[in-house]
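**Q** Whatever this is, show me its structure:
(chains A and B)
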Number of protein chains: 2
Amino acid sequence: MFGVSFWKKLGLVCGPLIASSALLWAQMPSHVPVPKDNPQTAAKVELGKQLYFDPRISVTGTVSCNSCHNIMSNGTDSRPVSAGAHGKLGDRNAPTVFNAAFRSVQFWDGRAASLEEQAKGPPTNPVEMGMPDGEAIVERIRAIPGYRQQFAKVFGGSQPVTFDHMAQAIASFERTLVTPGSPYDRFMAGDKNALSPAAQRGLKLMESAGCTSCHSGPQFNGPEQPMGTGFYMKFPLNDHNAYVKKYNLDADEGRKEATHQESDEHMFVVQSLRNVEVTAPYFHNGSVKGLDEAVRVMAQTQLGKTLNGSQVQDIVAFLDSLTGEFPHITLPRLPETPNTTLLDK
Amino acid sequence: MFGVSFWKKLGLVCGPLIASSALLWAQMPSHVPVPKDNPQTAAKVELGKQLYFDPRISVTGTVSCNSCHNIMSNGTDSRPVSAGAHGKLGDRNAPTVFNAAFRSVQFWDGRAASLEEQAKGPPTNPVEMGMPDGEAIVERIRAIPGYRQQFAKVFGGSQPVTFDHMAQAIASFERTLVTPGSPYDRFMAGDKNALSPAAQRGLKLMESAGCTSCHSGPQFNGPEQPMGTGFYMKFPLNDHNAYVKKYNLDADEGRKEATHQESDEHMFVVQSLRNVEVTAPYFHNGSVKGLDEAVRVMAQTQLGKTLNGSQVQDIVAFLDSLTGEFPHITLPRLPETPNTTLLDK
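**A** Sure thing, here's the model as predicted:
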């Protein structure tokens, strides 16, 4: 991806570390992976955008995908845990939708193998969008003439409006939600002024302290995995420290809740660090408000290290350099139900 | 606004009715009224758009102006009554924000004299956005660097971020939310094919049945009033009919709740009919789901008339011709709070 001369310019490392660094540090890919059975088309992306913003997919007509994964902001809701229909609270922090297309599995516990599979979760989750089942959602969508027309055009066939097609359209839209052009990516492309001295010190520290043993690669979420396969890590790894109790970090059984395997207890998908500056609060339970504290907690619980103040500042400076350029998006117009409404109460 | 020849083309009326018709039927004005103390500027409109979409103005961080007045849709939420923070329900239907700039007073009971005054209501209403007071909102806004900068640029002075300035910016954005170009407006501009024969029959019926005694003028909400002065009508006017009980139409005391005057009992601001096709459900309590039924109810409760099926169809055809062209809007980017969040729980 880049040669020795680049690393010399960085002044980072020499000798054997160069080879491993090339695996650790990488730029944002120029394209998102697209599954063969759901190719991107403009009409499908446009339909997916409407569905993404449409609160009628929720039982109350008040919660859309965008409610908890707000693409006017950071792709999440800035809350510890999200509030769904009837104000019900979830128990895990909403991950950002930006760059989710690069994740090999979805949800904190990796229980969805694709964006398509993920998109079918929240609509029928009782504390999220709260619809009774996929069929009820399909009924709502079929009752909206503008959707019937678009599904027919995009998917064809005798039964174009299906729950699977809804998920495919939403996933296609989500594949457009990427944030290239971060200072880090510009730095990696050769602009040595793109990172401040503090951020450059932070970059080195990420490696020397051991953060990159998990947070490596173009998304900083570990070694590349085939789609559908997750890269997991136990969190908290060291549970004998004050942070675990203070932030209740071991209450959630993690992936074990999905697989019911003891070996998956407290295992979580390693999270991307892209846009972490703007996706507070942090961790699966959203218990930590500030990025500086999140860095201290990670160093202690995962690496058994206590960082000093300037080390934390340098790492935060580096992490802040991972904020990319957010796409400009035109508001969709949601198709109407002329002279009536689908929402009763 | 248009002369006798136009009315002859319409084939509507002749003689003395022409003069009164010219007051009843009017096109969408080309400009919205703008108060002298809150002139429109591009930067203020852009700031107002961000605030309009920002859920951080609500106590939970989940409810923005757009939650109940969704400009991706019809400017309302298609629900009987809205769901606010913590899922709490209001008791009146959310009016559409589209063309609200033309209304001389705001809210169903006219208790706000301007868009600026209206914009300060929902943020501190316990069943809407639920913030304790304006100062708490100002604190939230001041904690967001991108807002501090924009308020300073737009309003200047030593204390640019105020609750009043927030309301001014939101009102300025709302003044851009107008829907010209409806089939009705094109018809009034001379395109005689813009209305179907049914819609043209409906237009005549609106006048002969008496609907236009209230629903007249460019917004179909009555004679022009100076800003701050409402045009009110009792609803239900005739309360001895089955609809009143069926739809619980007399439970709400209307403007009396705001003024505590007996004479204001069951008085409501006469509503615009623009975009009524897409703003179901209907009436102050959102109790009627279909526009055809709403027409029957109005004829009975306000005019003491029972319309037959084809009359109802013709009036609905006319009302459907009042749907305008909705503006194309780019999603705002909400300013961030780097490395932290304002939302605790």
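
**Q** Please tell me how far the closest residue to A:Cys65 other than its chain neighbours sits from B:Arg56.
**A** Among residues not flanking A:Cys65 along the chain, A:Tyr52 sits closest, at 4.5 Å (C-beta to C-beta, 6 or more residues apart in numbering or on different chains). Where C-beta positions appear, they are placed from N, C-alpha and C, glycine not excepted. To B:Arg56, A:Tyr52 is 21 Å away according to C-beta to C-beta, to the nearest Å.

**Q** what separates the residue of the stretch 1-150 of chain A found nearest chain B from A:Val312, distance-wise?
**A** Across the stretch 1-150 of chain A, no residue is closer to chain B than A:Gly87, which sits at 3.0 Å (C-beta to the nearest C-beta). According to C-beta to C-beta, A:Gly87 and A:Val312 sit 36 Å apart.

**Q** cool, and A:Asp133?
**A** As judged by C-beta to C-beta, A:Asp133 and A:Val312 stand 47 Å apart.

**Q** Spell out which parts of the stretch 201-345 of chain A neighbour chain B.
**A** When proximity is defined by C-beta under 8 Å from any C-beta of the partner chain, the stretch 201-345 of chain A lies next to chain B at A:277-278, A:280-281, A:289-292, A:316, A:320, A:326, A:328-334, A:336-345.

**Q** Domains in chain A, by residue range?
**A** Domain assignment for chain A by automatic domain parsing gives A:4-30+A:179-320, A:42-174.

**Q** And A:Asp133 and A:Val312? Which one has more around it.
**A** Using other C-beta atoms under 10 Å in any protein chain shown as the criterion, A:Asp133 and A:Val312 rank with A:Val312 on top: 19 against 11.

**Q** What are the phi and psi values at that one?
**A** Taking degrees, to the nearest 10, you get phi -60, psi -50 for the backbone angles of A:Val312.

**Q** Three-state assignment for A:Gly110, please.
**A** coil (DSSP: H, G, I helix; E, B strand; the rest coil).

**Q** how deep is it tucked in, by neighbour count?
**A** Burial of A:Gly110 is recorded as 25 neighbouring residues (other C-beta under 10 Å).

**Q** Quick check: it touching A:Gly254?
**A** No: checked against C-beta atoms under 8 Å, the pair A:Gly110 and A:Gly254 is beyond contact range at 9.5 Å.

**Q** thinking again about what came up before, and A:Tyr52 and B:Arg56? Which one has more around it.
**A** B:Arg56 (28 against 22).

**Q** which ones are touching the more buried one?
**A** Each residue near B:Arg56 by C-beta atoms under 8 Å, 6 or more residues apart in numbering or on different chains is listed here: A:Ser78, B:Arg140, B:Ile144, B:Leu334, B:Leu342, B:Leu343.

**Q** mean pLDDT lowest for which of the domains of chain A?
**A** With a mean of 91, domain A:4-30+A:179-320 has the lowest mean pLDDT of the domains of chain A.

**Q** where's A:Gln200, which helix or strand?
**A** Taking DSSP states H and E as the criterion, A:Gln200 maps to helix A:197-209.

**Q** Could you check that helix and say which residues are buried?
**A** Residues of helix A:197-209 classed as buried by neighbour count (16 or more other C-beta atoms under 10 Å in any protein chain shown): A:Ala198, A:Ala199, A:Gln200, A:Arg201, A:Gly202, A:Leu203, A:Lys204, A:Leu205, A:Met206, A:Glu207, A:Ala209.

**Q** try stretch A:334-345
**A** If you call a residue buried by 16+ other C-beta under 10 Å, then stretch A:334-345 has these buried ones: A:Leu334, A:Pro335, A:Glu336, A:Thr337, A:Asn339, A:Thr340, A:Thr341, A:Leu342, A:Leu343.

**Q** for stretch A:181-191, same thing?
**A** If you call a residue buried by 16+ other C-beta under 10 Å, then stretch A:181-191 has these buried ones: A:Ser182, A:Pro183, A:Tyr184, A:Asp185, A:Arg186, A:Phe187, A:Met188.

**Q** quick revisit: ranking the domains of chain A by burial, who's on top?
**A** domain A:42-174 (a mean of 21; mean count of other C-beta atoms under 10 Å in any protein chain shown).

**Q** From the chain's centroid, how far away is that domain?
**A** With C-alpha atoms, centre = their mean, to the nearest Å as the basis, the distance from the averaged C-alpha position of domain A:42-174 to the chain average is 14 Å.

**Q** shouldn't A:Gly324 be in contact with A:Leu273?
**A** No: checked against C-beta under 8 Å, the pair A:Gly324 and A:Leu273 is beyond contact range at 11.5 Å.

**Q** which parts of the stretch 1-150 of chain A sit against chain B?
**A** By C-beta under 8 Å from any C-beta, the residues of the stretch 1-150 of chain A that approach chain B are A:53, A:55-56, A:60-62, A:67, A:70-74, A:77-80, A:83, A:85-88.

**Q** What's the local residue count around A:His328?
**A** Residues near A:His328, counting by other C-beta under 10 Å: 8.

**Q** Spatially, and excluding backbone neighbours, which residue is closest to it.
**A** B:Thr330 (6.2 Å).

**Q** give me phi/psi at that neighbour?
**A** phi -90, psi 140.

**Q** Could you tell me which residues make contact with it?
**A** Taking C-beta under 8 Å, 6+ apart, we find B:Thr330 in contact with A:His328, A:Ile329, A:Thr330, A:Leu331.

**Q** how about 10 Å then?
**A** Shown in contact with B:Thr330 (C-beta atoms under 10 Å, 6 or more residues apart in numbering or on different chains): A:His328, A:Ile329, A:Thr330, A:Leu331, B:Glu46, B:Lys49.

**Q** List the contacts of the residue lying closest to the residue of the stretch 1-150 of chain A closest to chain B once chain neighbours are set aside.
**A** Of all residues not flanking A:Gly87 in the chain, B:Gly87 sits nearest, at 3.0 Å (C-beta to C-beta, 6+ apart). Counting by C-beta under 10 Å, 6+ apart, B:Gly87 touches A:Thr60, A:Thr62, A:Val63, A:Ala83, A:Gly84, A:Ala85, A:His86, A:Gly87, A:Lys88, B:Thr60, B:Thr62, B:Val127.
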